[in-house]
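> following is a predicted model, sequence given first.
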Amino acid sequence: MSEALLEVRNLCKSYDEGRIEALRGVDLSIAAGEYVTISGPSGSGKSTLLQLLGGLDTPTSGQVLFRGAALGAAIDLDDYRAHQVGFIFQSFYLLPTLRAIENVQAPMLAVRHDAHNRARRARALLREMGMEHRLYQYPNELSAGERQRVAIARALANAPGILLADEPTGNLDSVNSARIMEMLVGIHKERGMTLIVVTHEDEIARSAPRHIRLRDGLHNDRCEARPES
Amino acid sequence: MASQLSFIGFAWKNLWRRRLRTLLTLCGIAMAIGAFVGLVGFSRSFEHEWLRMYLSSGTDIAVVQQTFLNTSMDESVGVKLKALPTVRQATPMILNLMDLTQDVNALAYGWKADSYEFESLQFISGRRFRDGQPEVILGDLLAGSLNKKPGDTLQIQGSPFTVSGIYHGGSALEAGAVILPLDQMQKLGSLEGKVTAFHVRLKPAPAGESPEQYLKRAQAQIEAALPGLRAVPAAERASNNQLVLLAHAAAWGTSSIALLIGILGIANTMVMSVFERTREIGILRALGWKRGRILLLIQTEAAVLGFSGGILGIAVGWSALRLLSALPQTASIVSASFPLLLLAEALGIAVLAGLVAGAIPAWRGAHLSPVEALRHE
C-alpha cells in the first residue's frame, strides 16, 4: 500500500457529556487514490467517522492525520474542507435559493476564484454530470437523481483530492443509485481521487476494493475498523 | 441568464427569499430614516434660514441678553452701541411668534422705519411702514397665505393694522414673516422702551487685521461697554439660539426613537433568518466557508437591508420636507433645499443601524458547529 493520505489513530468521539460513545478507539489508514466503503449497522458510528475524516467535527480524543499532519492542530479545518475535501450527502443539501449553476459556485466563494472562472468551471462540471440542460433550475425543480448530480458537481468545485459520500444513494431509486455510484467510481478512476463512501447497502459496500465494516463499537471497549475482503 | 454567483448577489437572494418580511423590514427602517431626514432636515433648514436672514441683511453681530426671546433690553443701549468705534450701524429689533389666524402663525418682527435691515427686502408692492403708525408689511409667502395686499387690514391681537407693503425676503423666515414698526410692537406687548436685540453692522476691518480677529475685537469691545449683554456673531446666533437648539433636540430625540425601532426590526429579521437557515449555514461551513465569511455574509445582508431602507427613507424624508415647505403653517421656516451632507448622514446611519442590528445574529450564525447545523431540522 502506498503512503497514507488519511490516518486515524485511536479515534474516540462521544456525545452528551460522554454518555453516548459513537467511536471508541478507531485506527485506520487510507492511501491516496483509494476507493473505500464504510458500512455498519445504524448507530455504529460510520457517519461520525466520515465527519471526522472530513474535518466537520473534532474528536473527543485521538487524531485524524492528513498527510501526517493533525487536523484541527497543524491543519485548519476550514481550509481543509475548502481545499482538500468534497462532501456528498444523502439529503443532497443544495442551497434552495440558488440555481444549479450557482450551487456549484458556492464552495468557490470560500476560496480565491474570479467570478468568470467560477461560472465557467461550474458550467463545465455540470456538463460533465450530464446536467447542461438544467443549469438554471432551482433545487426544487430537479429530480432526486438530478439534485445528487448537482451535489457531486459541487463537491468537485474546488478540485479536492478526497471525495466523502455519506449514504449518497439513500434517497434514490435503484436506477439513479446505480447511475450515481457509476459516476462516483468513474470520477475516482479518472481523477485519481480518494473516494470514501459510507453506505448501509451491502452491494455498494462490497463493490469497493476495500470495505471497512464498523462493528457495534458502542458495546465493545475497543471498536476497531476491520477491513474485510 | 446570469450565471455568475457573487457574494453580494448571494446575500440579496437570501433576503429576497422572504419577500414580505424583507419588505416590511425595509418599510420599518425607511420610516426611521424618513423621520430622521424629515425632522433633522427640518431643524437644519430652520437653522439655515436664520443664517440666511442675518447674512442677507449684512448683520455681523447681535447684541442680546442671555435668553433668546427675552424682550427686556433697554432701547437706550443703542446710543452707547452706536458710539463704539467698530460699530457702523446698530438697529433695535423685537422678535416674537404670533397667531395671525387660527391656521396661520408667523414670526413677527418689530423694526424701526429707518432700519438698515430693509435693504435686504425687495418690495413687490406698496411701501415701508411709518414709525408710530398702525401699519405692517408682509412677506410674500405670508401675504399669499393670508390673501392680503397693500391697503387691506390685518387684525393683530385685536388691533387693526393696515398692510402698507408686500416684500420678498432673503430667507424663508422673512418671506413668511410680518414686520411692524418697533413702537407698535412694543405697544402690543406692553414693552415700551424694551427690545429683544440690537443688530449691528461693523465698520470694515482695518488693513492688517483678519475679519475673524476684527470680529472678536468688536465683540470684546461691545461686551466691555455694555456689561451684562452678549455680543454674538451672526453665524453663532443662527445656530445657537434656543429655537434652533430646541428644534435640533426634538429632531434628534424623535429620530433616535424611530431609529431604535428600525434597528430592532432588522435585528428581528436577521435573528429569524439565521435560525431558519441554520442548516444552510452548516452546508456552507461544510463547503469550507470560514466563520468570518459567514459573519460577513449575514452582516452584508443586514447592511443591504439598512442601505435599501436608507434609500427608501431618504425618499420619504425628502417628500416630507417638500410637503412642509409647501404648507402655510411651516413654509416660513422650511426651505425645500436638500443638503447632500444630510443624505450622506442618513445613508451612513442606515447602514450602521443594519450592522448593529446584524451583529448578534451574525456572531451566532458564524459560531454554529457545522455538524450541529447540518442536523438542524
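In hand now; what should we look at? Numbers count the residues shown, from 1 in each chain, chains lettered A, B, ... in the order given.
> can you give me the strands in the stretch 201-350 of chain B?
When secondary structure is read from DSSP state E, counting those that start in this stretch, the stretch 201-350 of chain B shows strands at B:230-233.
> likewise for chain A?
Assigned by DSSP state E, chain A shows strands spanning A:4-15, A:20-31, A:35-39, A:61-66, A:69-70, A:85-89, A:162-166, A:194-198, A:210-214, A:225-228.
> out of those strands, which is closest to chain B?
Closest approach to chain B among the strands of chain A is made by strand A:85-89 (5.2 Å; C-beta to the nearest C-beta). C-beta coordinates here come from the backbone N, C-alpha and C atoms, glycine included.
> contacts only, for residue B:108.
With contacts taken as C-beta atoms under 8 Å, 6 or more residues apart in numbering or on different chains, residue B:108 has the following neighbours: B:95, B:96, B:97, B:98, B:156, B:177, B:178, B:179, B:180, B:185.
> what of residue B:358?
By C-beta under 8 Å, 6+ apart, the contact list for residue B:358 reads B:266, B:267, B:270, B:298, B:299, B:301, B:302, B:303.
> what count of nearby residues applies to residue A:61?
The number of residues packed near residue A:61 is 13, by other C-beta atoms under 10 Å in any protein chain shown.
> dump the contacts of residue B:358 into CSV; add pLDDT as well.
CSV is the format used below for the contacts of residue B:358 (pLDDT from 0 to 100):
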residue, pLDDT
B:266, 88
B:267, 87
B:270, 87
B:298, 93
B:299, 94
B:301, 93
B:302, 92
B:303, 94
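> generate a PyMOL selection restricted to the buried subset of the residues you listed.
In PyMOL, a selection of the buried entries from the contacts of residue B:358 looks like this (16 or more other C-beta atoms under 10 Å in any protein chain shown):
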select buried, chain B and resi 266+267+270+298+299+301+302+303
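> TSV for the contacts of residue B:358, including distance to chain A?
Supplementary listing: those in TSV, determined by distance: C-beta to the nearest C-beta, whole Å:
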residue	distance to chain A
B:266	19
B:267	22
B:270	16
B:298	14
B:299	15
B:301	12
B:302	17
B:303	17
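> farthest pair in the contacts of residue B:358?
Using C-beta to C-beta, those reach their maximum pairwise distance at B:267 and B:303, which is 13.2 Å.
> residues from chain B in reach of chain A?
Applying C-beta under 8 Å from any C-beta of the partner chain, one finds that chain B approaches chain A through B:1, B:3-7, B:10, B:13-14, B:16-17, B:279-280, B:283-291, B:293, B:369-371, B:374.
> give me the buried entries from the residues you listed.
So, of these, B:3-5, B:10, B:13-14, B:279-280, B:283-290, B:293, B:370-371, B:374 end up buried under the neighbour-count rule (16+ other C-beta under 10 Å).
> check contacts around the residue of chain B found nearest chain A.
Chain B approaches chain A most closely through residue B:288 (2.5 Å), counting by C-beta to the nearest C-beta. By C-beta under 8 Å, 6+ apart, residue B:288 lies in contact with A:78, A:79, A:80, A:81, A:82, A:83, A:85, A:107, A:110, A:111, A:158.
> per-residue pLDDT, residue 170?
Defaulting to chain A. Listed pLDDT for residue A:170 reads 92.
> oops, I was thinking of chain B
Note for residue B:170: predicted pLDDT of 72.
> what does residue B:40 give?
The predicted structure scores residue B:40 at 88 on the pLDDT scale.
> then residue A:229?
Here the pLDDT value assigned to residue A:229 is 38.
> let me see the contact set for residue 203.
Since no chain was named, I'll use chain A. Taking C-beta under 8 Å, 6+ apart as the definition, residue A:203 has no contacts.
> looking at chain B here, not the other one
For residue B:203, the contacting residues are B:85, B:86, B:87, B:88, taking C-beta under 8 Å, 6+ apart as the criterion.
> give me phi/psi at it?
Summarising the backbone geometry of residue B:203 under the convention degrees, to the nearest 10, its torsions are phi -70, psi 160.
> ok, now residue B:369?
As for residue B:369, its main-chain torsions (degrees, to the nearest 10) stand at phi -70, psi 130.
> pLDDT of stretch B:223-240, averaged?
What stretch B:223-240 shows for mean pLDDT is 87.
> then stretch A:135-149?
The average pLDDT within stretch A:135-149 is 96.
> cool, thanks, talk later.
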